[in-house]
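In: Predicted model and sequence below, questions to follow.
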Amino acid sequence: MSDQAASQGARDGDTVDQLSAYEGLDSEIGLINLQPTATQNRIARRAVVLLFFTVAIVAPFASITLPIFAAFIPFLNATILVTDLITAILLFAQFSISRSRALLVLAGGYLFTALIVIPHALTFPGAFAPAGFLGAGIQTTAWLYIFWHFGFPAALSAYVLLKRDPSGIRGPIRSAIGRCVAITVAIVLALTGIAIAADPYLPRLFTSATDLTMLGTFAPWVDLLFCALSLGLLWVYRRSILDLGLMVVVCAMIGELALTVVRFSLGFYVSRMLSIATSTIVLVILLAETTGLYTRLAGANAMLRRERDNKLMNLEAAVASISHEVKQPLAAIVMRGSTALRFLGHTPPDVGKARSALNKIVTEGRRASEIFDNIRDLFRKSNRRRMAIDVNAMISSIVESLHFEFAEHDIEVQTELQPGLPLVWGHRGQLQDVLLNLIRNAIEAMDASEGKLRVLRLTTERRLNDGIGIKVTDTGPGIDPEKLDTIFDAFVTTKSQGMGLGLAICRLIVERHGGQLLASSAEGGGAQFEINLPVELCPNAAAN
């Protein structure tokens with residue numbers, strides 16, 4: 001379990017580090033703050049080059065007349081209506097998170113484009129009626145087009161200027177969005193009314209349904225210059241992926257206006273196709289980045305769930321560790337209690353042996369109480385309870401305490417304790433638990449090995465590297481070579497009722513003392529566990 005706790009702790013640390021990276025999402029939750037990547041910058045540059053290359057190729061042939069297809073306009077405008085409306089909705093959603101005035105104005109700009117294409121399609125000559133619906137005149141559609149391509153760059157310019165203001169809109173979000181929608185609808189209705197009612201009074205852009213006046217030829221260039229101004233503002237104050245996408249949109253609109261010539265020419269059809277690009281670029285960016293943002297948030301949520309599961313696993317491991325450790329002295333208490341009753345039941349009662357068994361019960365009871373302190377110190381990594389320990393004396397004490405257990409299991413104990421070993425600085429209770437665990441594992445292993453001489457060897461020796469070695473060797477069935485690499489892993493056990501925590505706890509305790517716990521197969525069969533403890537960790541070894 002201790003290895004599990006240690007590895008879980010490391011994973012928890014990784015989780016915290018990863019979660020701290022996700023904490024930055026709060027400041028980058030909207031596209032108005034999300035920085036573009038190098039790949040996105042490269043894609044944007046390629047898109048602009050492709051747009052201007054297309055315009056350059058088409059421009060010399062823009063005035064070539066093509067077949068009249070008036071139904072093309074309603075189809076095109078319907079597409080723009082849907083895409084710009086979705087874009088506006090997504091931008092309103094972004095505004096509801098950031099409360100940015102700039103995003104609110106930009107959403108209004110896309111809503112303006114989505115709405116103004118409706119009267120533009122209805123009044124286009126030949127689309128639904130020879131002269132168009134709504135009582136349109138010959139100039140109506142053209143002026144709506146001019147208003148359309150002036151209003152959207154105006155919204156972009158306002159967006160750029162407003163995003164420099166860090167203060168957001170206060171008050172209810174719905175009210176702010178409602179006011180923006182109402183103002184946008186009012187502007188579209190007003191411009192549509194002007195284009196229709198004032199048609200006889202507005203400057204002439206067309207002499208007929210297809211023939212432009214001189215003013216009609218140059219009017220789109222006014223919008224083009226205003227688009228160039230918006231592009232300049234975006235370039236100077238660019239900082240986000242949204243700004244990058246809007247710059248591509250403006251470049252597409254400039255290309256569209258540059259190709260605007262007489263109706264139903266090559267330039268006319270290509271420019272209208274470019275208007276599709278202006279309405280879809282930001283929508284694609286919004287959808288892509290919203291999906292990416294959802295993925296990152298889902299990842300953060302998964303991290304939180306994993307952290308919760310890790311904490312639950314650590315809790316489960318801690319409870320299992322306590323259960324594992326307490327069961328050993330409790331089992332000894334039960335066994336010695338039964339032994340004491342058996343001695344008292346003799347005729348006459350063997351009071352001396354009963355008293356000895358009861359004394360052992362008291363000792364095991366105290367050890368059970370100490371286990372909780374040992375486990376607490378194990379997880380606290382505390383040095384408060386460490387002391388100078390005579391390893392040979394500790395082993396002798398353990399062997400004496402397990403005397404009846406060895407006799408009951410018919411086990412011969414051989415001790416080879418090298419005299420004069422230096423003291424070790426450590427937690428006596430924890431090191432004692434390690435030896436008890438290894439010895440009891442050896443007892444259980446030899447119980448499963450019938451027909452063999454049961455011998456437990458405990459040896460200590462001084463190592464050349466100024467350390468102390470402790471070996472626990474049994475004559476049981478030994479260790480499967482395939483399991484040597486995982487024998488110390490938490491929750492890995494070969495026992496039918498085992499929890500796989502004992503050896504994991506032992507290794508953690510030994511490593512906390514700066515040592516090593518190794519496992520191997522002993523010569524002639526059986527298992528051998530070797531504890532290597534450094535002596536230099538004892539600050540008062542010389543004094544003792």
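Out: Looks like it arrived, so ask away. Residues are numbered from 1 along each chain as shown.
In: correct me, but residue 223 touches residue 257?
Out: Yes. Counting by C-beta atoms under 8 Å, residue 223 does reach residue 257; the two are 5.5 Å apart. (Each C-beta comes from the backbone N, C-alpha and C, glycine too.)
In: Please enumerate the shared neighbours of those two.
Out: residue 149 (C-beta atoms under 8 Å, 6 or more residues apart in numbering).
In: Quick check: phi and psi on residue 463?
Out: phi -100, psi 160 (degrees, to the nearest 10).
In: what sits against it?
Out: By C-beta under 8 Å, 6+ apart, the contact list for residue 463 reads 469, 532.
In: Ok, residue 391 next?
Out: Neighbouring residues of residue 391 by C-beta under 8 Å, 6+ apart: 421, 424, 460, 468, 470, 533.
In: which ones among these are found in helices?
Out: In helices, defined here by DSSP state H, there are no members of the contacts of residue 391.
In: could you dump these to TSV with distance to residue 194?
Out: What follows is the contacts of residue 391, written out as TSV (distance: C-beta to C-beta, whole Å):
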residue	distance to residue 194
421	104
424	96
460	103
468	98
470	98
533	94
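In: Closest one of those residues to residue 67?
Out: residue 533 (94.9 Å; C-beta to C-beta).
In: Counting by contacts, list what the lengthiest helix in the chain packs against.
Out: Across the chain, the helix with the greatest residue count (assigned by DSSP H) is helix 266-344. Counting contacts by 3 or more C-beta pairs under 8 Å, 6 or more residues apart in numbering; DSSP states H and E, helix 266-344 packs against helix 2-22, helix 38-58, helix 72-98, helix 241-258, helix 351-380, helix 403-408, helix 428-447, helix 502-512.
In: I'd like these as a markdown table, with mean neighbour count and mean pLDDT appended.
Out: Formatted as a markdown table, those follow (neighbours: other C-beta atoms under 10 Å; pLDDT from 0 to 100):
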| stretch | mean neighbour count | mean pLDDT |
| --- | --- | --- |
| helix 2-22 | 15 | 42 |
| helix 38-58 | 14 | 92 |
| helix 72-98 | 19 | 91 |
| helix 241-258 | 24 | 91 |
| helix 351-380 | 16 | 70 |
| helix 403-408 | 14 | 82 |
| helix 428-447 | 20 | 86 |
| helix 502-512 | 23 | 82 |
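In: Now tabulate the ones you listed in CSV and tack on distance to residue 108.
Out: Output for the helices and strands packed on helix 266-344, formatted as CSV (distance: least, C-beta to C-beta, whole Å):
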stretch, distance to residue 108
helix 2-22, 32
helix 38-58, 24
helix 72-98, 8
helix 241-258, 14
helix 351-380, 59
helix 403-408, 85
helix 428-447, 70
helix 502-512, 63
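In: Including distance to residue 291, neighbour count and pLDDT, could the contacts of residue 391 go into JSON lines?
Out: Output for these, formatted as JSON lines (distance: C-beta to C-beta, whole Å; neighbours: other C-beta atoms under 10 Å; pLDDT from 0 to 100):
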{"residue": "421", "distance to residue 291": "67", "neighbour count": "18", "pLDDT": "88"}
{"residue": "424", "distance to residue 291": "60", "neighbour count": "26", "pLDDT": "88"}
{"residue": "460", "distance to residue 291": "65", "neighbour count": "19", "pLDDT": "93"}
{"residue": "468", "distance to residue 291": "61", "neighbour count": "22", "pLDDT": "90"}
{"residue": "470", "distance to residue 291": "60", "neighbour count": "27", "pLDDT": "92"}
{"residue": "533", "distance to residue 291": "56", "neighbour count": "23", "pLDDT": "89"}
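In: Inside strands: which ones of those?
Out: Residues of the contacts of residue 391 located in strands (DSSP state E): 424, 460, 468, 470, 533.
In: Return the closest of these with respect to residue 89.
Out: Nearest to residue 89 among these, counting by C-beta to C-beta, is residue 533 at 69.2 Å.
In: So in terms of bridging, what pairs with the closest one?
Out: With DSSP bridges as the criterion, residue 533 is bridged to residue 468.
In: For it, give me its contacts.
Out: Contacts here follow C-beta under 8 Å, 6+ apart; on that basis residue 533 touches 391, 424, 426, 467-470, 510, 513-515.
In: now residue 169, what's its secondary structure?
Out: Here residue 169 is coil, with the state taken from DSSP: H, G, I helix; E, B strand; the rest coil.
In: What is the burial count for it?
Out: Residues near residue 169, counting by other C-beta atoms under 10 Å, number 18.
In: thinking it is in contact with residue 96, fair?
Out: No. Using C-beta under 8 Å, residue 169 makes no contact with residue 96, being 10.2 Å away.
In: So what's the gap between the longest helix of the chain and the chain middle?
Out: 9 Å (C-alpha atoms, centre = their mean, to the nearest Å).
In: cool, and stretch 92-106?
Out: 27 Å.
In: And that stretch, end to end?
Out: 9 Å (C-alpha to C-alpha, to the nearest Å).
In: what's it in contact with?
Out: Against stretch 92-106 from outside (C-beta under 8 Å, 6+ apart): 29-33, 91, 107, 155-156, 158-160, 162-163, 165, 167-170, 173, 176-177, 180, 246, 286.
In: Tell me which of the residues you listed fall in helices.
Out: Short answer: these in helices (DSSP H) are 91, 107, 155-156, 158-160, 162, 173, 176-177, 180, 246, 286.
In: Just the buried residues of those residues.
Out: Neighbour counting by 16 or more other C-beta atoms under 10 Å classes 91, 107, 155-156, 158-160, 176-177, 180, 246, 286 among those as buried.
In: would you list those in TSV and tack on distance to residue 431?
Out: TSV is the format used below for these (distance: C-beta to C-beta, whole Å):
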residue	distance to residue 431
91	67
107	69
155	76
156	74
158	75
159	70
160	71
176	69
177	69
180	73
246	69
286	63
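In: Show me which of those is closest to residue 450.
Out: residue 286 (74.4 Å).
In: My read is that the closest one contacts residue 88, right?
Out: No. Between residue 286 and residue 88 there is no contact under C-beta under 8 Å: 10.3 Å.
In: So which helix or strand of this protein has the lowest pLDDT on average?
Out: Lowest mean confidence among the helices and strands of the chain (mean pLDDT, DSSP states H and E): helix 2-22, at a mean of 42.
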